[in-house]
Every structure is written in structure tokens, then in C-alpha cells.
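[1] Predicted model and sequence follow; I will ask about them next.
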Amino acid sequence: MLISNLKYYSQLLKFRLSSSVVFSAAAGYLLGTSHFNLQEFVLLIAGGFLITGSANGFNQILESDYDKLMTRTEQRPLPLNKINSSSAIIFSVLIGILGFYFLSLIKPHSSFFGFLSKSSVFGLLSLMIYVLSYTPLKRMSTVSIFVGAIPGAIPVLLGWVAATDQFGLSVGILFAIQFFWQFPHFISIAWTQDLQYKRAGFKMMYGGKKGTYPAFIGLITASVMTVFSVLPYFYDFKNLNLSFVAFCLIISLGIWFTFKTYILFKDTKDSSAKKLMLASFAYLPIMQIIYIVDKWMTN
């Protein structure tokens, strides 16, 4: 029984999604830091994972009735009544508080309000935007994609701030890359799940239907993302730069990803959308790994 319950609560966390978010936070930390601190890094990973898991839990609580209507979500613990709403709320609140506490221990003496670390503030902001704005907006307007891209890009910012305790153009570039990446990512998912989303009443497709309009938005945002991704090669950003080899790899990766959006724009086929979706899953971690390896090998 205990093992079964743990399985259902791990599903409430959306373990794989939470792990991918934490990877971005870890990337932000490794790119920002000049002196690796294991304690800070562990606190960032643990706090970021729990905060993200809490947001995912609240998302499923709010959407449990709609999850029953979609094949891809009908097997989640709440639609199956494997966990009741009260237990899910308590669990999500507790792990959210614990995650917030872990993040508050990272550079606690430098804060916005005298007692909250910058890391904990960004963690809380990400959770609130995701739960209170993005989740309800999904049933109202495609503006939810823009709103959702903000908490989706905060993890790399969170990691950078945990390492440096400051902002700047460097982390702004990393934030912009991840922000614009999410548009073709969201569009490809919405495309492949179009009927499912419409059945549940989610408005996740630009223009309301599959076609050149949403594909064009994906093409433009992927192009902008690619430009941002190589700016550190041309400009001397503090703590963020690219060697020539890394530039070649990053620009090639961006062109490959953008070409996937172009194919979808040209043929508007479901198969092309699926290929774009898979490419989006590969692009972000590969790009971040190239940045990290380049930094630690050339500095």
C-alpha cells in the first residue's frame, strides 16, 4: 500500500517534468557560478524540485475534472480517485513550503524584503504565475502560452541568482532563450493534442485551429531564440560567452530546430508537429550542456 501511494504522489509531482525544470535551474547555477558550492547546489536542486512539484500538484488539483476528458491525462491519480483532493492539497502545500524553505537558505542575507532570499522569491513567483495565471488562462485564451512561458523560463534565472545573487544582461540572455523556445514547444504539443485539448475546453492553439498561423508564430519565435542563443559570441557579457567551437554548435542546433518549425509551416502536417515536439525536448538540454561544457573547459 505504501509503495502504491508513493507511486501516485510521484505522479502528482510530474517527476519527469519537474526534473527537466530542475535541470535548467542547475544549468543556470553552473553558468553563473565561478566557485561551485555543493551546499548551495543541493539546496537549489531540492528546493527547485519541490517548488515545481508543488506547482504541478496544484495544476492537477485545479484541472482534475478536465483531466478526465483527455486520454493523455485520464490515468493521473486524481481522475482515478487514487488520491483525494484534500490529500493532494495538503501534499502540494507541504512540499511547496519545504521547497521555499530550502531556497530561502541560499544566500539568505541578501534579499528583497529583508528576510526572503532572491532564490526563494523567484521560486514563489514561478509557482504563483503557473498556478494562479497560466492554469486558469488555458481555458480562456491562448495568452496562456505567453504567460506560461514566464515561469517556464524562470528556472534558469533562479539558478543564476542562486549562484551570483545578482541580475544582468547575461542571465537576461539565458532567460530569453528559454522564453522564446517555449512557443514552438507549446505549439507542437498543442498541435499533437489538439482534439484532446478541445475536448477538455483548453484554448491552446493560436488562431483556434491547426494551420500556417500557429506554425508561423513557432517559426518566428524559434528564429528569435536562435539569435539570442549566439549573442554571447559577438558581445562580451559578464560571465557569459561562447568560444568559436561552441558558437558553431549552438548556431547549428538552432538552425536545425528552426528548420523543424519551417517544415511545419510549409506542410502543416501532424507528423511534422510531432517531430518538432521531439526536437524541442532535445534542443534545450543540449544547448545548455554546450554552454556549460564550453564555460568550464575554456575558463
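    Received it, and whenever you're ready, just let me know what you need.
[2] remind me, longest helix of the chain?
    For the chain, the helix with the greatest residue count under DSSP state H is helix 270-298.
[3] just how off-centre is it within its chain?
    13 Å (CA atoms, centre = their mean, to the nearest Å).
[4] Please identify the helix or strand for the closest residue to residue 122 other than its chain neighbours.
    Closest residue to residue 122 apart from its sequence neighbours, by CB to CB, 6 or more residues apart in numbering: residue 158 at 4.6 Å. All C-beta spots, glycine's among them, are computed from the backbone N, C-alpha and C. Secondary structure from DSSP states H and E places residue 158 in helix 143-164.
[5] distance of the residue nearest to residue 295 when sequence neighbours are not counted from residue 88?
    Among residues not flanking residue 295 along the chain, residue 31 sits closest, at 6.0 Å (CB to CB, 6+ apart). Distance from residue 31 to residue 88, counting by CB to CB, to the nearest Å: 35 Å.
[6] and the two? which has more neighbours close in?
    More crowded of residue 31 and residue 88, by other CB atoms under 10 Å: residue 31, with 23 against 20.
[7] Verify the contact between that one and residue 293 for me.
    No. Using CB atoms under 8 Å, residue 31 is not in contact with residue 293, being 10.8 Å away.
[8] how about low-confidence regions in the stretch 51-200 of the chain?
    108-116 (pLDDT under 70).
[9] give me that answer again for 80
    Counting by pLDDT under 80, the ranges of the stretch 51-200 of the chain that qualify are 67, 69, 73-74, 107-118, 167.
[10] now the angle between helix 270-298 and the helix holding residue 158, please.
    10 degrees (axes from the mean of the first three to the mean of the last three CA atoms, to 10 degrees).
[11] Packing partners of whatever helix or strand comes next after helix 143-164?
    Moving toward the C-terminus from helix 143-164, the next helix or strand (DSSP H and E) is helix 169-192. Applying 3 or more CB pairs under 8 Å, 6 or more residues apart in numbering; DSSP states H and E, we find helix 169-192 packed against helix 15-32, helix 143-164, helix 212-234, helix 244-267, helix 270-298.
[12] so which of these is the most packed in?
    Highest mean neighbour count of the helices and strands packed on helix 169-192: helix 143-164, a mean of 24 (counted as mean count of other CB atoms under 10 Å).
[13] what distance separates it from the centre of its chain?
    In this view, helix 143-164 has its centroid 7 Å away from the chain centroid, taken as CA atoms, centre = their mean.
[14] That helix vs helix 212-234, what angle?
    Using the same axes, to 10 degrees: helix 143-164 against helix 212-234 is 20 degrees.
[15] Remind me what helix 143-164 packs against, helices and strands.
    helix 15-32, helix 38-62, helix 118-128, helix 135-137, helix 169-192.
[16] So which of those helices is nearest residue 150?
    Closest approach to residue 150 among the helices and strands packed on helix 143-164 (CB to CB): helix 169-192, 7.2 Å.
[17] Mind listing what's buried along that closest one?
    Under the neighbour-count criterion of 16 or more other CB atoms under 10 Å, helix 169-192 has 170-192 buried.
[18] Keeping just the C-alphas, turn the helix or strand just after it into CSV.
    Sequence order places helix 194-200 as the next helix or strand after helix 169-192, per DSSP H and E. Once non-C-alpha atoms are left out, helix 194-200 reads as follows in CSV (Å, rounded to 0.1, in the frame of the first residue of the first chain):
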residue,chain,number,x,y,z
ASP,A,194,-5.4,19.4,-30.5
LEU,A,195,-8.5,17.2,-30.2
GLN,A,196,-7.8,16.3,-26.6
TYR,A,197,-7.4,19.9,-25.6
LYS,A,198,-10.6,20.9,-27.3
ARG,A,199,-12.5,18.1,-25.7
ALA,A,200,-11.4,19.5,-22.3
